[in-house]
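# Predicted model follows, preceded by the sequence.
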Amino acid sequence: MAAAAARTVGSGVVLPRSVTFVTGNAKKLEEVRTILGQSIPFQSLKLDLPELQGEPEDISKEKARIAAKEVNGPVLVEDTCLCFNALKGLPGTQQTYVHASISVYVLLFEFKWFLQKIGHEGLNNLLMAYEDKTAYAMCIFSLALGPNAEPMTFVGKTQGRIVPARGPNDFGWDPIFQPHGYDQTYAEMPNEEKHKISHRGKALELVKLHFAEARYTFQTDSTT
Ligand SMILES: O=c1[nH]c(=O)c2ncn([C@@H]3O[C@H](COP(=O)(O)OP(=O)(O)OP(=O)(O)O)[C@@H](O)[C@H]3O)c2[nH]1
Ligand SMILES: [Mg+2]
């Protein structure tokens, strides 16, 4: 297999090939494609990476390390969580991360399964006993330039609150998250509008900025 390491030539870093965005989630990929457009050359690989446990930033970095080894080249991965402020202080963490969250810290279930089982209504019910319905959506991208490189992270957060589901039900918890300052849920917002203020949109702005500053060049340009 070709050399997987990034190297420095003159003032720029040369990557063996364009970055691979690794995810098993088709909706994420769709959003990333839309938000990045042509700004960063990348290809995608559908791979179900293990659902890891720990703090969100550590989870994202570890995903990147695993993915970079699989791909043997530069990778971008992301991890998303929905955090309920009212549930802070539960065992083992200051926040409850609904995703890896609920599984790790609260109810010992894997979130995808959990969401599938209890649905939007169940997630609302979790907050029934609390007046505070606020939450934030957080997205952490990790970029590893190769299998042995320390991943860099880019975090985007959007504050909002949990509401009874409204809007199309085609992406996770979008119908129950209403960003502050808006009277629509993520699911009800036109995509363009959502991406301007979403956790993923904000994190990807930082990724774009990094690529603009780093000016990576690629040995082979096999973008899709
Ligand atoms: O309404 C949503 N708006 C979003 O913007 C969003 N991003 C992720 N999710 C959901 O949160 C869970 C864990 O996410 P997650 O980060 O582990 O993703 P995943 O396992 O599906 O894919 P990946 O880890 O292979 O990339 C999964 O049920 C995802 O469907 C979202 N739901
Ligand atoms: Mg996952």
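Received, thanks. Numbers count the residues shown, from 1 in each chain. Ligands and ions are numbered 1, 2, ... in the order given.

# This protein against ligand 1: which residues are in contact?
23-25, 28, 48-49, 78-80, 99, 111-112, 115, 171-174, 200 (Cβ under 6 Å from any ligand atom). Just so you know, the C-beta spots here come from the backbone N, C-alpha and C atoms, and that holds for glycine as well.

# if you set the cut-off to 8 Å instead, what comes out?
Near ligand 1, the residues belonging to the chain are 22-25, 27-28, 31, 47-49, 51, 63, 77-82, 99-100, 111-112, 115, 137, 139, 171-175, 177, 186-187, 198-200 when assessed by Cβ under 8 Å from any ligand atom.

# Going by neighbour count, which of the residues you listed are buried?
Among the residues of the chain next to ligand 1, those that count as buried by neighbour count (16 or more other Cβ atoms under 10 Å) are 22-23, 25, 28, 31, 49, 51, 63, 77-82, 99-100, 111, 115, 137, 139, 171-175, 177, 186-187, 198-200.

# which element is the closest residue to Gly172 other than its chain neighbours on?
With sequence-adjacent residues excluded and distances taken as Cβ to Cβ, 6 or more residues apart in numbering, Gly172 is closest to Leu115, at 6.5 Å. Assigned by DSSP states H and E, Leu115 belongs to helix 111-126.

# do Ile140 as well
strand 134-144.

# Which strands and helices lie in contact with that strand?
For strand 134-144, the helices and strands in contact under the criterion 3 or more Cβ pairs under 8 Å, 6 or more residues apart in numbering; DSSP states H and E are helix 56-71, strand 75-84, strand 152-162, helix 199-214.

# Need the winner for burial among those.
Taking mean count of other Cβ atoms under 10 Å as the contact definition, the stretch among the helices and strands packed on strand 134-144 with the greatest mean neighbour count is strand 75-84, which reaches a mean of 25.

# ok and that one relative to helix 56-71, angle-wise?
Compare the direction of strand 75-84 with that of helix 56-71 by axes from the mean of the first three to the mean of the last three Cα atoms, to 10 degrees and you get 150 degrees.

# Residue of this structure nearest ligand 1, please.
Closest approach of the chain to ligand 1 (Cβ to the nearest ligand atom) occurs at Gly172, with a separation of 2.3 Å.

# Retrieve the pLDDT associated with that residue.
In the prediction, the pLDDT value recorded for Gly172 is 91.

# That one and Lys27 touch, don't they?
Yes. When contacts are counted by Cβ atoms under 8 Å, Gly172 is listed as touching Lys27 (7.4 Å).

# can you give me how far stretch 134-151 is from the chain middle?
When distances are taken as Cα atoms, centre = their mean, to the nearest Å, stretch 134-151 is centred 7 Å away from the chain's centroid.

# quick one: average confidence on it?
Across stretch 134-151, the average pLDDT comes to 94.

# Go through it and flag the buried ones.
Residues of stretch 134-151 classed as buried: 134-147, 149, 151 (neighbour count, 16+ other Cβ under 10 Å).

# Of these, just say which sits nearest to Ile162.
Within the buried residues of stretch 134-151, the smallest distance to Ile162 is 5.1 Å, found for Ala135 (Cβ to Cβ).

# and the closest one, what is it in contact with?
Ala135 is in contact with 82-85, 159-162, 177, counting by Cβ atoms under 8 Å, 6 or more residues apart in numbering.
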